[in-house]
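J.: Have a look at this prediction, sequence included:
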Amino acid sequence: NAGVTQTPKFQVLKTGQSMTLQCAQDMNHNSMYWYRQDPGMGLRLIYYSASEGTTDKGEVPNGYNVSRLNKREFSLRLESAAPSQTSVYFCASNHGTGLRYGYTFGSGTRLTVV
Amino acid sequence: TQLLEQSPQFLSIQEGENLTVYCNSSSVFSSLQWYRQEPGEGPVLLVTVVTGGEVKKLKRLTFQFGDARKDSSLHITAAQPGDTGLYLCAGGAAGNKLTFGGGTRVLVKP
């Protein structure tokens, strides 16, 4: 079982460059999420998609955009990268019918902006 | 914004010792989850508690949800090196969203 697959695993960008982080899940989950993880701050929600065709802002959406391409795929785009966006990014998915079974996370993308 | 505070931030113990990690908030959560994260990987769900006062046991791990559903604790009995990792609590909010605490890094030395 692949679960949640994120690409790439590592990326270095120069300030001002753009890139898209890809995420795909094969569990037929309705809801998908993008989090960033910084030391001592846990995980903070960037954007989420409760179901195919919908997206909403989370706690820290500035500087990011998302696309729910279909039920399986949810991408995160940085239009003009800044050093403050250096972080580890995690994609997660959930059935969408409640939190009893929690989230399934990908293994993350480690992004450095120089 | 609902906030979750975890304590301590870091815990280093010897194999065989017990440890407790705390997760506190001023807000009420519909559910509380605990995850463990290992280096280079995403968090993995350990348990979900949904009822105030609920206690769940998972082998040597005991999880408790406070009566008022504002706090939780994770207790590990006779810790082993395999318990080493980052432990994260997360509170459930509307829209199936989770708010995460800052994490407790546990190191169990052999």
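T.: That came through fine. Numbers count the residues shown, from 1 in each chain, chains lettered A, B, ... in the order given.

J.: Please make it C-alpha for all contacts and neighbour counts, starting now.
T.: Noted.

J.: If you tally nearby residues, what's the number for residue 99?
T.: All of this is about chain A. Counted with other Cα atoms under 10 Å in any protein chain shown, the neighbours of A:L99 add up to 23.

J.: if you could check chain B rather than the one you did, that'd help
T.: Applying the criterion other Cα under 10 Å, we find 22 residues in the vicinity of B:T99.

J.: The host helix or strand of it: what's the following helix or strand?
T.: Element membership for B:T99 (DSSP states H and E) is strand B:97-100. Past strand B:97-100, heading to the C-terminal end, the next element that is a helix or strand (DSSP H and E) is strand B:104-109.

J.: what sits against the residue of chain A found nearest chain B?
T.: Scanning chain A for proximity to chain B using Cα to the nearest Cα identifies A:G42 as nearest, at 3.8 Å. Neighbour list for A:G42: B:88, B:100-103 [criterion: Cα atoms under 8 Å, 6 or more residues apart in numbering or on different chains].

J.: let's see 7 Å
T.: Residues in contact with A:G42, defined by Cα atoms under 7 Å, 6 or more residues apart in numbering or on different chains, are B:100-103.

J.: SS state for A:E52?
T.: Recorded secondary structure, A:E52: coil (DSSP: H, G, I helix; E, B strand; the rest coil).

J.: thinking again about what came up before, any idea which of the contacts of A:G42 is closest to A:T112?
T.: A:T112 has its nearest neighbour among the contacts of A:G42 in B:G102, at 21.1 Å by Cα to Cα.

J.: low-confidence ranges in chain A?
T.: A:1, A:97-98 (pLDDT under 70).

J.: How are the strands of it distributed by residue range?
T.: Using DSSP state E, the strands of chain A run over A:4-7, A:10-13, A:19-25, A:31-37, A:43-49, A:56-57, A:64-68, A:74-78, A:87-94, A:104-105, A:109-113.

J.: how about the ones you listed, which one is nearest B:D67?
T.: Shortest distance between B:D67 and the strands of chain A, using Cα to Cα, is found for strand A:43-49: 25.6 Å.

J.: just the CA coordinates of that closest one, formatted as CSV?
T.: Coordinates of each C-alpha in strand A:43-49 appear next as CSV, following Å, rounded to 0.1, in the frame of the first residue of the first chain:
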residue,chain,number,x,y,z
LEU,A,43,2.7,21.3,12.2
ARG,A,44,0.7,24.3,10.9
LEU,A,45,-2.1,23.9,8.4
ILE,A,46,-1.5,25.8,5.1
TYR,A,47,-4.5,24.8,3.0
TYR,A,48,-6.9,21.9,3.0
SER,A,49,-9.5,20.4,0.7
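
J.: and it, what does it pack onto?
T.: Other helices and strands packing on strand A:43-49, by 3 or more Cα pairs under 7 Å, 6 or more residues apart in numbering or on different chains; DSSP states H and E, are strand A:31-37, strand A:56-57.

J.: quick one: strands adjacent to the shortest one?
T.: Okay, so that is strand A:56-57. Each strand that pairs with strand A:56-57, with its direction, by DSSP bridges: strand A:43-49 (antiparallel).

J.: again, but for the longest one
T.: For strand A:31-37, sheet partners with direction are given as strand A:43-49 (antiparallel), strand A:87-94 (antiparallel), following DSSP bridges.

J.: All good on my end, thank you.
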